[in-house]
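A.B. asks: I would like the atomic coordinates for the input below:
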Amino acid sequence: LVNSPRVRSVRWDSRAQGLLVDRSLFEQELLSSGDAHRAGTEGAGPAPDSFQATHFGSFVRQLNLYGFRKVPGWVGSDEPGDAGGWLHFKNPNFRRDRPDLLLRIKRLTRANRQRLAAGLDVRSRQPSRFQQ
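C.D. replies: Okay, the predicted model is just below:
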């Protein structure tokens, strides 16, 4: 999404080391399922039902499960042409110049979250056939 010219609601931060998301535009482009949002946007981007989630909070939860964290206190003021309405998320393995690091981004399973809480080593689930 971040590299797609058709998606206006998601972009790289100024250092290409984080993800910027415009919540309201993201909801219109990628989360909405109603026909009202589809009118006038046909061909402008991915289908509004590109995600199973229909609420922005569910998308943010998925980002968190994959190790992305919201940058606290960031209001987008250092981004050119930005009015400050962008949310900033970072993951140390998400960098435009290092696509090889993407393989390190893994979703924690329920069992792994329990291991973390108990202070034990965490193992990631095996890559799906789509990640290999």
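
A.B. asks: can you give me the strands for the chain?
C.D. replies: Assigned by DSSP state E, the chain shows strands spanning 10-12, 19-22, 69-70, 86-90.

A.B. asks: Export the second one to PDB, keeping only CA atoms.
C.D. replies: As requested, C-alpha coordinates have been extracted for strand 19-22 and formatted as PDB (Å, rounded to 0.1, in the frame of the first residue of the first chain):
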ATOM      1  CA  LEU A  19       4.300   4.600   7.900                       C
ATOM      2  CA  LEU A  20       2.100   7.600   7.700                       C
ATOM      3  CA  VAL A  21      -1.700   7.100   7.600                       C
ATOM      4  CA  ASP A  22      -4.400   9.600   7.100                       C
END
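
A.B. asks: Quick one: mean pLDDT over that strand.
C.D. replies: Averaged across strand 19-22, pLDDT comes to 94.

A.B. asks: Give me the sheet partners of it and which way each runs.
C.D. replies: Taking DSSP bridges as the criterion, strand 19-22 forms sheet pairs with strand 10-12 (antiparallel), strand 86-90 (antiparallel).

A.B. asks: So for residue 121, which of these sits nearest?
C.D. replies: strand 86-90 (24.0 Å; C-beta to C-beta). C-beta coordinates here come from the backbone N, C-alpha and C atoms, glycine included.

A.B. asks: Mind putting the strands of the chain into a markdown table with distance to residue 99?
C.D. replies: Conversion of these to a markdown table gives the following (distance: least, C-beta to C-beta, whole Å):
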| stretch | distance to residue 99 |
| --- | --- |
| strand 10-12 | 13 |
| strand 19-22 | 14 |
| strand 69-70 | 20 |
| strand 86-90 | 16 |
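
A.B. asks: Export the ones you listed as JSON lines, with columns for mean neighbour count.
C.D. replies: Listed next are these as JSON lines, based on neighbours: other C-beta atoms under 10 Å:
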{"stretch": "strand 10-12", "mean neighbour count": "18"}
{"stretch": "strand 19-22", "mean neighbour count": "21"}
{"stretch": "strand 69-70", "mean neighbour count": "14"}
{"stretch": "strand 86-90", "mean neighbour count": "19"}
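
A.B. asks: Quick one: closest of these to residue 100.
C.D. replies: Closest approach to residue 100 among these is made by strand 10-12 (16.8 Å; C-beta to C-beta).
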